[in-house]
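Chemist: below are the sequence and a predicted model for it; my questions follow.
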Amino acid sequence: MQDLIPQPGFQLPHPGISGFMPSLVAALNASPTLRHWPVDDTLVAVLLLALMARRGGVLLDATNVSKVAKVAGAHTTSVFGLVTRSVHLSSTSVASDVALKVPDHPPSGTSTSDTTTPSDTSDTSVRPEPSPYPPMTPRAMVVTGLEDAPPPVLVRLRSEVAAAERKGDVPLIIWVRDEERADDAPAWLLDIFVCSALLYAEDLTLPPPNLSSNALVPPDYIRDLRSFLLLTHIHPPLESHINNLLAALSLHKSLEANLSARATASLNSLVKAQRILAGPFDLPGGWQENLHAWQAAKSAEAEYEAGVGSSLPASALRSRTAGNVGGYGGGPGGVDTWSQRAGETPTPVEMLGPGANDWFCDPGNVEGAWELGVRHRVRPRQPGQALLFALNGSAQERVQYARQRATKEASRRQRKEVDDALVQILQEV
């Protein structure tokens, strides 16, 4: 089994090796296409976790919004090869500014820059005419100023994401937010972000000008990592531990947590993705060829179910034939095989070939994903006032209430209070 997968100009680390993430960052920094620009290890890890989990976007709290947004956009474009659109919003933005569909070929006289949007114009009262060209979906969108946008913009963004998720075509949305405005968003908006991180501008290096677009971490590589999630399991005792952590967070006397069913599912996905990136785990020889064949068969089966494909692959025909035979337990057609036949939990041998095994998460993986997955869903509890607005306030009043500015010192004190409480819960539960 090789330790490295060949890529143009450099080598990506083999999944499952010990120290996978440091090896990946080192490989990226060695790539000549980045022209000695050092990538940020935290940003690479957070973006990769989100691309693997596919449970929502990324929220970045920043000490310098402009700089962090530029660095984040450079990572999505020149590291992950995503078509990236940058959107700056303000109090004068309109709902159409956050539409996920943008013109593919703007008409003559309109800027073709991926980073130009109606909100970027100096005169916000003058907006370009709608393009007659067919729309396309950007694969990533870096948003700044969302904390200042009016409520209709927030509602439109949430609905756009929900519609794109139903079609399975949602881009990676990255919200770069002022760290002092951490409480300036309603919970239903925060729910579309799977994880968050705090980035300090002084630790980041701006990319060189005219950095080319490159998929140094190509889509097939990410798809392979995502497929490993199907073989990554959480033992019932560890699942109970995660549920106890979330219960302790919900009942904490000084924290107000907004935990939806989506939040719980997202945290479980992050724990599994963290297990894949933290490693190590063993892969059999020829795993990549077997995995790609399995992926192609599943894709063909999905196309057939959708009425696009003309025939079922042989593996699907065998599975359906066995499913017509009644049985018990793990026998042909037995209840223990239903989830596998439904495509939910394929066996390791089916995916990776002979000698393959699945693997399980441990408490260290929960610790690694804990703050990433819940920090943006928690704020200091304000007894009485929050309940009053929840019962009596309109939607717009609740948004405005959430945006009451705190002083710089109070904001940082509240953030430290949240961080300390999250660590305490993790240690005590």
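Modeler: Thanks, I have it.
Chemist: is it true that His88 touches Gly145?
Modeler: Yes. With contact defined as CB atoms under 8 Å, His88 reaches Gly145; the gap is 5.2 Å. Placement of C-beta: from N, CA and C, glycine included.
Chemist: please report phi then psi for the closest residue to Val39 other than its chain neighbours.
Modeler: If the residues on either side of it in the chain are set aside, Val39 comes closest to Leu28, at 5.0 Å by CB to CB, 6 or more residues apart in numbering. Dihedral angles phi and psi of Leu28 (degrees, to the nearest 10) take the values phi -60, psi -40.
Chemist: OK, contacts around Leu28?
Modeler: Contacts were defined as CB atoms under 8 Å, 6 or more residues apart in numbering; by that measure Leu28 touches Phe10, Leu34, Val39, Val44, Val79, Leu216, Val217.
Chemist: for this protein, which residue is closest to the average position?
Modeler: For the chain, the residue lying nearest the average C-alpha position, counting by CA atoms, centre = their mean, turns out to be Ala50 (2.3 Å).
Chemist: and the two most separated of the contacts of Leu28?
Modeler: When the contacts of Leu28 are compared pair by pair using CB to CB, the farthest-apart members prove to be Phe10 and Val44, with a separation of 14.5 Å.
Chemist: how many neighbours does Pro380 have?
Modeler: Taking other CB atoms under 10 Å as the neighbour definition, Pro380 ends up with a count of 17.
Chemist: that one touches His252, doesn't it?
Modeler: No. Using CB under 8 Å, Pro380 makes no contact with His252, being 10.1 Å away.
Chemist: same for whatever helix or strand Ser66 lives in, what does it pack against?
Modeler: Secondary structure from DSSP states H and E places Ser66 in helix 65-78. Contacting helix 65-78 under the criterion 3 or more CB pairs under 8 Å, 6 or more residues apart in numbering; DSSP states H and E are the following elements: helix 41-53, strand 57-62, strand 84-88, strand 140-144, strand 172-178.
Chemist: pull out the buried positions in it.
Modeler: Residues of helix 65-78 classed as buried: 65, 67-78 (neighbour count, 16 or more other CB atoms under 10 Å).
Chemist: okay, those in JSON lines with pLDDT next?
Modeler: Supplementary listing: those in JSON lines, determined by pLDDT from 0 to 100:
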{"residue": "Val65", "pLDDT": "95"}
{"residue": "Lys67", "pLDDT": "96"}
{"residue": "Val68", "pLDDT": "97"}
{"residue": "Ala69", "pLDDT": "97"}
{"residue": "Lys70", "pLDDT": "97"}
{"residue": "Val71", "pLDDT": "97"}
{"residue": "Ala72", "pLDDT": "97"}
{"residue": "Gly73", "pLDDT": "96"}
{"residue": "Ala74", "pLDDT": "96"}
{"residue": "His75", "pLDDT": "97"}
{"residue": "Thr76", "pLDDT": "96"}
{"residue": "Thr77", "pLDDT": "95"}
{"residue": "Ser78", "pLDDT": "94"}
